[in-house]
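Enquirer: okay, structure incoming, though there's no sequence with it:
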């Protein structure tokens, strides 16, 4: 088992249930070193806020358990 926490991006909440290929690709195109860790690198297409919060990182309001819940 790979220790993902050693990379600086521990897999918590929903990330722990994600398939490796969903972030890293698969087969000959799989990429591990240099994989982006910002929320937007994977979830920008799911962002309902548009440019409302500028460059603010999603984790300022959202946790890793689920993207749908955030404080009001």
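Expert: That came through fine. As the structure is a prediction and not an experimental result, all values here were calculated from the model. Numbering: from 1, shown residues only.
Enquirer: tell me the SS of residue 49?
Expert: coil (DSSP: H, G, I helix; E, B strand; the rest coil).
Enquirer: show the pLDDT at it.
Expert: pLDDT, residue 49: 86.
Enquirer: ok, residue 54 next?
Expert: 84.
Enquirer: ok, it - how many residues close by?
Expert: 6 (other CB atoms under 10 Å). Glycine gets a C-beta too; all of them are placed from N, C-alpha and C.
Enquirer: which SSE is it in?
Expert: Assessed by DSSP states H and E, residue 54 sits outside every helix and strand.
Enquirer: use 23 as the first number from now on
Expert: Let's use 23 as the start, then, which means that last one is residue 76.
Enquirer: do you know how far the spatially most central residue of the chain is from residue 48?
Expert: The centroid of the chain falls nearest to residue 61 when counting by CA atoms, centre = their mean (4.5 Å). To residue 48, residue 61 is 22 Å away according to CB to CB, to the nearest Å.
Enquirer: done for today, thanks.
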